[in-house]
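Visitor: Below are the sequence and a predicted model; questions follow.
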Amino acid sequence: MKYLLVVAHPDDETLGAGASMWKWAREGHQVDVCIMCAEAKARAFRPSDEELGDDTNTSNKYLGVNRIYEGTFPNIEMNTVPHLKLVQFIESAIKESEPDVIITHHPADTNNDHLQTSIACQEAIRLFQRRPEVKRVQEFWYMEVPSCTEWKINNAMTTFNPNCYIEVGKEGVDAKVKALSMYRGVMRPYPHPRSAEYITGLAAMRGGQWGQEYSEAFEIVLRAY
């Protein structure tokens, strides 16, 4: 299987699916990542450009990521970018990665960049309809990103509703926490959602919902076979 994670910022891929990415890569599957705002200029506690690039590469390499596609769209200003440009960037990653499964943000996330990424991704997955030579995506998933997905406030939008649980084990959760720690300035002390305790507890809670020990949860919104 080939997986493509389409995310707004560096570390979103690890927060949302780090343990699953680590598991899939160890099982021999291809995992690619497409980051829309790779420079994350507006991030608090942001390291230097070189340090952030090193952190992104180190963390994803540890998780077993095959390739990273990096965009330079403006951080927390993606709503100012023409929708078509966002879609075309994701389409270019789809054409090269040829994924079976695409995973992105839930559109009800509080972060506006997450919303813009999700909407653009929803459009980009239809590329095969316009370009018959492009491989058709088989599944489209939403993921949950701690400190964004659970803060969903807009009640006009559907809440993240998981229907897919990837059992990752404690080893997978530990790998996720380690990969997140490779991003300087990202982790916080408990009870912040980006703390090791919260991330471990969330995995235990999601696992318990499906009779597993530790899991990451996703919402499959499209399945086409």
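Guide: Arrived safely.
Visitor: Okay, strands next: where are they in this protein?
Guide: Using DSSP state E, the strands of the chain run over 2-7, 30-35, 67-70, 101-105, 139-143, 164-167, 215-223.
Visitor: Show me the shaky parts of the chain.
Guide: 225 (pLDDT under 70).
Visitor: pretty sure Asn57 contacts Glu70?
Guide: No: judged on Cβ atoms under 8 Å, Asn57 makes no contact with Glu70 at a distance of 10.0 Å. The way it works is simple: take the backbone N, C-alpha and C, and place the C-beta from them, glycine included.
Visitor: coming back round to it: ok, which of the strands of the chain comes nearest Glu150?
Guide: The minimum distance between Glu150 and these falls on strand 215-223, with 11.6 Å, by Cβ to Cβ.
Visitor: Pull the residues that contact that closest one.
Guide: Residues outside strand 215-223 that contact it (Cβ atoms under 8 Å, 6 or more residues apart in numbering): 16-17, 19-20, 103, 106, 125, 137-144, 160-168, 203, 206-207, 209.
Visitor: residues contacting Thr117?
Guide: Contacts of Thr117 by Cβ under 8 Å, 6+ apart are Val6, Val7, Ala8, Met36, Met78, Leu86, Thr104, His105.
Visitor: no, scratch that, I was asking about Ala44
Guide: Gly185.
Visitor: The same query, at a cut-off of 7 Å, please.
Guide: Counting by Cβ atoms under 7 Å, 6 or more residues apart in numbering, Ala44 makes contact with nothing.
Visitor: tell me the phi and psi of it?
Guide: phi -70, psi 150 (degrees, to the nearest 10).
Visitor: got the contacts of Thr117 as CSV, with neighbour count and distance to Glu150 columns?
Guide: Putting the contacts of Thr117 into CSV (neighbours: other Cβ atoms under 10 Å; distance: Cβ to Cβ, whole Å) gives the following:
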residue, neighbour count, distance to Glu150
Val6, 28, 20
Val7, 28, 17
Ala8, 29, 17
Met36, 29, 22
Met78, 24, 21
Leu86, 22, 25
Thr104, 30, 17
His105, 29, 13
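Visitor: Would you reformat those as a markdown table and include distance to Ile153?
Guide: Shown next, in a markdown table, are the contacts of Thr117 (distance: Cβ to Cβ, whole Å):
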| residue | distance to Ile153 |
| --- | --- |
| Val6 | 23 |
| Val7 | 21 |
| Ala8 | 18 |
| Met36 | 22 |
| Met78 | 19 |
| Leu86 | 23 |
| Thr104 | 20 |
| His105 | 15 |
